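In: from the sequence below, what's the structure:
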Amino acid sequence: MSATTTTPPAGVITVYSDIWCSFAHIAVHRLHATRARLGLEERVRFDLRAFPLELLNDAPSPRPGTDSEVARMASLEPAAGWQLWQAKDWLYPSTTLPALEAVLAAKEQSLHASEQLDLGLRRAFWAESRCVSNRKVILDVAAATGAVDVRALADALDDGRARAELSSHARLSATDAITCSPHLFLPDGSDHANPGVDVGWEGAYGVGWPVIKGDDPKVYEDLLLRAAAQAD
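Out: Okay, the predicted model is just below:
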């Protein structure tokens, strides 16, 4: 599937998102948890793609924004893993581009390697207060997954072979084709922006807080079953 094509092949769900995004943290957790519960690990894979908010907004994601989301979003899906930032202030990541690039680079090994690294990096940021812009943290997370060849990933990061793909995702994310993080695409041609969650905002981002109008986690069963049906 090319970087400019949104409809994935059978048995794959494409996910455009950023690691900084709390809604994407929930979506990715629910995808993994629902896939495991339905016994579809061998039939459905996730193709993680970048929706790099800092490039779309021309600025890093403000820490007050992510801090304001933790308690409210954690109440929707506690098992995803959350905490207010606990490390030193100067260790708060100023960018997620290296982490997003690493997730793309890991696809050279397999979609499984890529999705496990993505999941690990999200937990590292949201639940463990780790600086996911740091190369050592990224490689440590990769090693902890048990699914990633860390040496091969380090080589890919050193030569930047996934950087052009990251840039192409950014260009597509700036169009109407991708509307938000997370935005999911299924093999049947359907797409689902922030599935199951209806959210508004009280006040400006970084000053106010998210207001959840509705949440239906059961939609993930339908998404996984539809993707699996395409693989039959």
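In: from here on, just use CA atoms for contacts and neighbour counts.
Out: Fine.
In: so how far is the helix or strand harbouring residue 73 off the chain centroid?
Out: If you go by DSSP states H and E, residue 73 is part of helix 63-76. Between the centre of helix 63-76 and the centre of its chain there are 16 Å (Cα atoms, centre = their mean, to the nearest Å).
In: now do the same for residue 213: helix, strand or coil?
Out: With DSSP: H, G, I helix; E, B strand; the rest coil as the basis, residue 213 sits in strand.
In: got the contact list for it?
Out: Listed by Cα atoms under 8 Å, 6 or more residues apart in numbering, the contact set of residue 213 reads 197-200.
In: ok, so of these, who is nearest residue 117?
Out: Nearest to residue 117 out of the contacts of residue 213 is residue 197 (Cα to Cα; 24.6 Å).
In: so that closest one makes contact with residue 212?
Out: Yes. In this structure, residue 197 is within contact of residue 212 by Cα atoms under 8 Å, at 7.4 Å.
In: tell me which stretches of this protein form helices.
Out: With DSSP state H as the definition, the chain shows helices at residue ranges 22-37, 53-57, 63-76, 97-105, 111-126, 135-145, 150-159, 163-173, 219-231.
In: any stretches of the protein with poor pLDDT?
Out: Counting by pLDDT under 70, the chain has low-confidence residues at 1-5, 232.
In: one more time with 50, if that's ok
Out: The model of the chain has pLDDT under 50 over residues 1-4.
In: residue 197 and residue 212: which has the busier surroundings?
Out: Ranked by neighbour count (other Cα atoms under 10 Å), residue 197 and residue 212 place residue 197 first, with 18 against 14.
In: from residue 13, how far off is that one?
Out: Distance from residue 197 to residue 13, counting by Cα to Cα, to the nearest Å: 18 Å.
In: just the buried residues from the contacts of residue 213, in PyMOL please.
Out: Filtering the contacts of residue 213 down to the buried ones (16 or more other Cα atoms under 10 Å) takes a single PyMOL command:
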select buried, resi 197
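In: residue 100 touches residue 50, doesn't it?
Out: Yes. Residue 100 lies in contact with residue 50 (Cα under 8 Å); the separation is 6.2 Å.
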